[in-house]
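Chemist: after the sequence you'll find the predicted model.
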Amino acid sequence: MREDRIRQLIAQEAARLMYAEGVSEYRDAKRKAARRFGPEKSLSLGSHLPSNAEIHKELQRLIAIHEEKTLPERLHHMRCTALRCMEMLALFRPFLVGSVLTGAVTAASDIDLHLFAESSEEVEEFLRSRNIAYETDVVTIRRGGSFVDYSHIYLKEGKVIIECTIYALGDIYRVPKSSITGKPMERATITKLRKLIADTARAEANPANV
């Protein structure tokens, strides 16, 4: 029972760190939270550490408590921003993933897109030809028994960061696993996102019919 209580407290603290302090990665949030409950080794490597799904549930609870009135407007704005960006990048068959798709957004959330191209340079040349400012980075991710480098391109619209991960063309039908559920990640095409925005607006305008 005590272990379960510590696990719950760590999940709540990790969610708070993500919500209030802008920690973006579940791994970083849970390890930082664990250090506040005792020696790092005894917690970070033991059964006390909550799953990403447990932290995500607590994060959704915080958002519901503190942002009931502001969430719909913020989510609509971020989804419309994502749609405009996806339409601009339609050549690279974009998918929306992450919190803007699932709806668990905070003031610190960014927009996550997956793009498919021969190379990251192809996307960069496309952006340069349109005088669109961007930044780049390479993120190393463990996949199976090996480590794979993925190019990331960062765009900005107003205060919103749009993080584009570049995948090989052949990966378009290989759906990554969600770090939260461990199941195939939910993804939205331009068409699906347009429908989601329209359906959400219709439901908010006519709540009695939902």
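Modeler: It's in. Residues are numbered from 1 along each chain as shown.
Chemist: show me where the chain has its strands.
Modeler: For the chain, strands defined by DSSP state E occupy the ranges 95-97, 111-117, 135-143, 146-157, 160-168.
Chemist: now those strands as a markdown table including mean pLDDT and mean neighbour count?
Modeler: In this view, the C-beta of every residue, glycine as well, is placed from N, C-alpha and C. What follows is these, written out as a markdown table (pLDDT from 0 to 100; neighbours: other CB atoms under 10 Å):
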| stretch | mean pLDDT | mean neighbour count |
| --- | --- | --- |
| strand 95-97 | 98 | 23 |
| strand 111-117 | 97 | 22 |
| strand 135-143 | 86 | 10 |
| strand 146-157 | 91 | 14 |
| strand 160-168 | 95 | 19 |
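Chemist: distance to Arg61 added to those, as a markdown table?
Modeler: A markdown table is the format used below for these (distance: least, CB to CB, whole Å):
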| stretch | distance to Arg61 |
| --- | --- |
| strand 95-97 | 22 |
| strand 111-117 | 22 |
| strand 135-143 | 29 |
| strand 146-157 | 29 |
| strand 160-168 | 24 |
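Chemist: between the ones you listed, which gets nearest to Asp199?
Modeler: strand 95-97 (14.8 Å; CB to CB).
Chemist: who are the packing partners of the closest one?
Modeler: Contact here means 3 or more CB pairs under 8 Å, 6 or more residues apart in numbering; DSSP states H and E; on that basis strand 95-97 packs against helix 71-88, strand 111-117.
Chemist: please repeat the previous calculation with a cut-off of 7 Å.
Modeler: The contact analysis (3 or more CB pairs under 7 Å, 6 or more residues apart in numbering; DSSP states H and E) places strand 95-97 against strand 111-117.
Chemist: pull the contacting residues for Met78.
Modeler: When the contact criterion is CB atoms under 7 Å, 6 or more residues apart in numbering, the partners of Met78 are 100, 105, 109, 111, 160.
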